[in-house]
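Trainee: Okay, here's the prediction I keep looking at, along with the sequence it came from:
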Amino acid sequence: MLQRYWFGDVDEEGCRAAGTDPAALADRATAIRTGMDSFVPIDWEVARGCGVVRTREEYVDLLRAVCTTLARKKIALSYQGRDVELLQMVRMLDELDNVINLLQERAAEWYQVTNPSFSRKYRSLPAKKMLGIIRKGARGGLSDAAEEIERLAGTRSRLMREVSARADEVLPNVSALIGGLVAARLLSRAGGLPALARMPGSTIQVLGSERALFSHLRGGTPPPKHGIIFQHRRVHNAPKSVRGRVARVLAAKLAIAARLDYYRGEAVPEFLRDAQARIDEAGVAA
Amino acid sequence: MIWLGNVLVSPGEGGVYGERTLDGYRVWDPYRSKLAALYTLGGGVELTPDMRVLYLGAANGTTVSHVADYVETVYAVEFAPRPMQDLLEVARRRKNIVPIMADAGRPEEYAPFMEPVDLVYQDVAQPNQVEIAERNLVFLKPGGHLILMLKTRSVDVRRDPAEVLAEARAGLERRLDVTDVRWLEPYHRDHAAIICSRR
């Protein structure tokens, strides 16, 4: 029976070598389909008998070259999708949020030491205003830092718009239902569009609330009603009594939307119209 | 295995992942590597210079590099692109590592590249770890060994680790002789090593 290996085809009559060029061998290997029921792993001596290599060392070297070429191709392919960059963009955005908050806290602490009148009242001001006060009021390093934080905040807003725009393009249906930013966060937590498209609605519903979910599964605590999707207004504005229902219906529609995005890649108006109506309906208190 | 005092080491060129070296040997840290933990606890299968190994779940190639220091050839299978990049770098400097980017649960993807091996080492975070091991037995020579690092939390976080281990052991005994089972405490929590040999 014919068996196909990376260096050539082998059957009862002998062996046909497929050459010694790693790139050509790699291309050929991607086309090989192996049935595991009749498969037997090959001894390297067969490759020698075939005339592909002369020594064990040559065998391993050539095999390594073929496998490395294949791996590099697969890596390049997996990084190719538009969703892969979006993933990094949204993670950078969330990290920027973190950093800006930390720096701002620190700047306010510092400023308060030199200006006792800068009390609690000021700290509840919007960040932009507070940083402006610090930048003008302080001198030297603190003023510079405040300016730098303001600049970082500007970078963050620009990046946020970019994330939204890219999400509309990569996830047209999901974005239409919950907005680009939240859509991008779902994508980031799922780990990519293929992963998100394969998730059931119940998983999407609690993405981002893993702690609450696992403490529920381990026993005792009530289950989480929503994770990242809580950030969408239709969930957090819903009356408490129906919030769980809204989250569940929304998540179910998101699961369908993610599949449309992955397999079709364009907005589907009929689906969106029906889904929006269904979600609105869930939000009406009984 | 090579011991300096009670420190496990491997021979080979250092500087793979920032590991310490001792008298020209690379220190193999049981807290980082589950295989090192197994040897430190007195278990495991002696690695010899003529061995061919199939390593499933190669990740960044840290443990792979130590195994490669001991044996003849390592077939290192990893699925995720990010760690694969690191693994390729490790394989570039160790001529006896064959890096394979494929899903360990789908051996047909890499079967055309395989030869029979003396040892299958598996360390994958999947719920169906035993099933994956069974599918890869076709590459194992009769009399060869399987070391399965059972991540009980990956099988089911809700269940008692001891129960998960008992079930995995029973599953493996269908086709293999289980020669040793041990927990990797205190080095790794809720991880167990199951060592089997093929009839």
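Mentor: Ah, there it is. Numbers count the residues shown, from 1 in each chain, chains lettered A, B, ... in the order given.
Trainee: which residues of the stretch 101-250 of chain A fall in helices?
Mentor: In the stretch 101-250 of chain A, the helices defined using DSSP state H, counting those that start in this stretch lie at A:120-123, A:127-137, A:140-170, A:172-178, A:180-190, A:193-197, A:201-206, A:210-218, A:233-236, A:240-263.
Trainee: What residues of the second one count as buried?
Mentor: This points to helix A:127-137. Neighbour counts using 16 or more other Cβ atoms under 10 Å in any protein chain shown place A:130, A:131, A:133, A:134, A:135 of helix A:127-137 among the buried residues. Placement of C-beta: from N, CA and C, glycine included.
Trainee: how far off helix A:140-170 does it point, in degrees?
Mentor: 150 degrees (axes from the mean of the first three to the mean of the last three Cα atoms, to 10 degrees).
Trainee: what pairs with residue 11 across the strands?
Mentor: The chain I'm using is chain A. residue A:14 (DSSP bridges).
Trainee: that answer is for a different chain, and I need it for chain B
Mentor: Listed by DSSP bridges, the beta-bridge partners for residue B:11 are residue B:25.
Trainee: do the longest strand along chain B and chain A meet at all?
Mentor: Scanning chain B for the longest strand, with DSSP state E as the assignment, gives strand B:140-151. No: on the criterion Cβ under 8 Å from any Cβ of the partner chain, strand B:140-151 is out of touch with chain A, staying 9.1 Å away.
Trainee: list the helices and strands that strand packs on?
Mentor: For strand B:140-151, the packing partners by 3 or more Cβ pairs under 8 Å, 6 or more residues apart in numbering or on different chains; DSSP states H and E come out as helix B:34-40, strand B:117-122, helix B:129-135, helix B:161-173, strand B:191-198.
Trainee: Neighbouring strands - and their directions - for that strand?
Mentor: strand B:117-122 (parallel), strand B:191-198 (antiparallel).
Trainee: buried stuff in it?
Mentor: B:140, B:144, B:145, B:146, B:147, B:148, B:149, B:150, B:151.
Trainee: Name the next helix or strand downstream of it, please.
Mentor: Later in the chain than strand B:140-151, the nearest helix or strand by DSSP states H and E is helix B:152-155.
Trainee: State the mean pLDDT of stretch A:77-85.
Mentor: Taken as a whole, stretch A:77-85 carries a mean pLDDT of 82.
Trainee: Can you name the residues in contact with stretch B:44-53?
Mentor: Applying Cβ atoms under 8 Å, 6 or more residues apart in numbering or on different chains, the external contacts of stretch B:44-53 come out as B:1, B:35, B:38, B:67, B:70-75, B:115-121, B:145, B:147, B:193, B:195.
Trainee: List the buried residues of stretch B:104-123.
Mentor: Going by 16+ other Cβ under 10 Å, stretch B:104-123 has these buried residues: B:104-105, B:107-123.
Trainee: Count the residues that sit near residue A:280.
Mentor: Residue A:280: 12 surrounding residues under other Cβ atoms under 10 Å in any protein chain shown.
Trainee: give me phi/psi at it?
Mentor: phi -60, psi -40 (degrees, to the nearest 10).
Trainee: Now for the closest residue to it other than its chain neighbours, how many residues are close by?
Mentor: Closest residue in space to residue A:280, ignoring its immediate chain neighbours: residue A:234 at 7.9 Å, by Cβ to Cβ, 6 or more residues apart in numbering or on different chains. Residues within reach of residue A:234, counting by other Cβ under 10 Å, total 20.
Trainee: ok so, going back, rebuild the helices of the stretch 101-250 of chain A as a markdown table, extending it with mean pLDDT and distance to residue A:278.
Mentor: Shown next, in a markdown table, are these (pLDDT from 0 to 100; distance: least, Cβ to Cβ, whole Å):
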| stretch | mean pLDDT | distance to residue A:278 |
| --- | --- | --- |
| helix A:120-123 | 66 | 43 |
| helix A:127-137 | 82 | 38 |
| helix A:140-170 | 92 | 22 |
| helix A:172-178 | 94 | 11 |
| helix A:180-190 | 93 | 18 |
| helix A:193-197 | 93 | 20 |
| helix A:201-206 | 93 | 12 |
| helix A:210-218 | 85 | 25 |
| helix A:233-236 | 87 | 12 |
| helix A:240-263 | 93 | 6 |
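Trainee: and residue A:225, which of the ones you listed is closest to it?
Mentor: helix A:240-263 (4.2 Å; Cβ to Cβ).
Trainee: Up against chain A, what does chain B have?
Mentor: Checking chain B against chain A by Cβ under 8 Å from any Cβ, the hits are B:73, B:81, B:84-85, B:88, B:91-92, B:95-101, B:107-108, B:111-117, B:135, B:138-139, B:157-158.
Trainee: switch to 7 Å and redo it
Mentor: Listed as neighbours of chain A in chain B under the rule Cβ under 7 Å from any Cβ of the partner chain: B:73, B:81, B:84-85, B:88, B:91, B:96, B:98-101, B:107-108, B:111-116, B:138-139, B:157-158.
Trainee: which ones are touching the residue lying closest to residue B:63 once chain neighbours are set aside?
Mentor: Among residues not flanking residue B:63 along the chain, residue B:33 sits closest, at 4.5 Å (Cβ to Cβ, 6+ apart). Residues in contact with residue B:33 (Cβ atoms under 7 Å, 6 or more residues apart in numbering or on different chains) are B:62, B:63, B:66.
Trainee: hmm, try it at 10 Å
Mentor: Residue B:33 makes contact with B:8, B:19, B:39-40, B:62-67, B:123, B:187-188 under the criterion Cβ atoms under 10 Å, 6 or more residues apart in numbering or on different chains.
Trainee: sorry, back to before: tabulate the buried residues of strand B:140-151 (CSV), appending pLDDT.
Mentor: Listed next are those as CSV, based on pLDDT from 0 to 100:
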residue, pLDDT
B:140, 96
B:144, 95
B:145, 97
B:146, 97
B:147, 97
B:148, 96
B:149, 96
B:150, 95
B:151, 92
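Trainee: To what extent is the residue of chain B found nearest chain A buried, counted in neighbours?
Mentor: Residue of chain B nearest chain A, by Cβ to the nearest Cβ: residue B:101 (4.0 Å). Residues lying near residue B:101 (other Cβ under 10 Å) number 25.
Trainee: Pick out the residue nearest the middle of chain B.
Mentor: When Cα atoms, centre = their mean is applied to chain B, the residue found nearest the centroid is residue B:121 (3.4 Å).
Trainee: again, but for chain A
Mentor: Central residue of chain A (Cα atoms, centre = their mean): residue A:188, at 2.8 Å.
Trainee: Okay, buried residues for the helix or strand of chain B with the lowest mean pLDDT please.
Mentor: One helix or strand of chain B scores below all others by mean pLDDT, DSSP states H and E: helix B:152-155, with a mean of 90. For helix B:152-155, a neighbour-count test (16+ other Cβ under 10 Å) marks B:152, B:154, B:155 as buried.
Trainee: Could you do stretch A:155-163 as well?
Mentor: Buried positions in stretch A:155-163, judged by neighbour count with 16+ other Cβ under 10 Å: A:156, A:160, A:163.
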